[in-house]
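> Predicted model, plus sequence, below.
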Amino acid sequence: MQPNHSMSWKALRYFLLFMMTISFSIALAFTAMGYWVVLPFTALEMALLSYCLWLCLRRSSLQEVLSLTPETITLEVGIRHPQKTYTWQRFFTKIQVQPAFHPWYRKKVSLVHKGTELEIGRFLNADEQDELLDSLRRLIRQADAAQITDTRSASDRAE
């Protein structure tokens with residue numbers, strides 16, 4: 001799962017290059033007329049714009065990977081590579097859905113393991129959360145079917 005990317009890193013680079021070219025051209029024109037104070041404020045403005053856009057793009061690059069096996073549930077969270085990994089026993093983990101307290105808000109989907117709650121997909125909208133829940137139900141059924149098949153084949157081998 002990952003949020004919607006409204007801009008790529010390459011597009012950010014081009015946008016900042018364009019904005020800096022225009023802003024510094026204007027600032028240099030004012031500096032040539034004797035208004036030198038404009039130049040440091042332009043540099044500060046461009047630095048602040050660059051930092052804010054970088055933060056937004058970094059936040060939209062977050063990714064969550066949820067893996068289910070018959071025994072475990074693993075959640076990996078990070079940007080580019082897993083920075084945090086959570087692994088729980090599937091038997092003790094449940095998926096909790098808290099409804100939205102107002103129609104304008106979205107519901108909250110969490111993994112709960114022995115009292116520890118971790119929200120997943122907080123960047124998804126309501127339709128995407130419904131798709132996530134459908135996918136989780138399907139994956140749980142598949143993991144259950146795999147576990148039943150494994151126990152049957154193990155009992156066949158024992159006989």
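Good, I have the coordinates.
> Strands along this protein, start to end?
Secondary structure of the chain (DSSP state E): strands located at 63-68, 72-78, 84-89, 93-98, 108-113, 116-119.
> Give me the distance between the second one and the centre of its chain.
The chain centroid and the centroid of strand 72-78 are separated by 13 Å, computed with Cα atoms, centre = their mean, to the nearest Å.
> I'd like the strands of the chain written out as TSV, with mean pLDDT and distance to D134 added.
To be clear about C-beta, it is placed using only N, CA and C from the backbone, and glycine gets the same treatment. Formatted as TSV, these follow (pLDDT from 0 to 100; distance: least, Cβ to Cβ, whole Å):
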stretch	mean pLDDT	distance to D134
strand 63-68	87	14
strand 72-78	89	17
strand 84-89	89	21
strand 93-98	86	12
strand 108-113	88	12
strand 116-119	87	18
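> Ok, which of those strands comes nearest A145?
strand 63-68 (11.9 Å; Cβ to Cβ).
> now the closest one and strand 72-78, what's the angle there?
170 degrees (axes from the mean of the first three to the mean of the last three Cα atoms, to 10 degrees).
> strands paired with strand 63-68, and their directions?
strand 72-78 (antiparallel) (DSSP bridges).
> tell me which helix or strand of the chain sits lowest on mean pLDDT?
helix 126-158 (a mean of 74; mean pLDDT, DSSP states H and E).
> will you turn the strands of the chain into JSON lines that also has mean neighbour count?
Below are the strands of the chain laid out as JSON lines (neighbours: other Cβ atoms under 10 Å):
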{"stretch": "strand 63-68", "mean neighbour count": "16"}
{"stretch": "strand 72-78", "mean neighbour count": "17"}
{"stretch": "strand 84-89", "mean neighbour count": "13"}
{"stretch": "strand 93-98", "mean neighbour count": "13"}
{"stretch": "strand 108-113", "mean neighbour count": "17"}
{"stretch": "strand 116-119", "mean neighbour count": "12"}
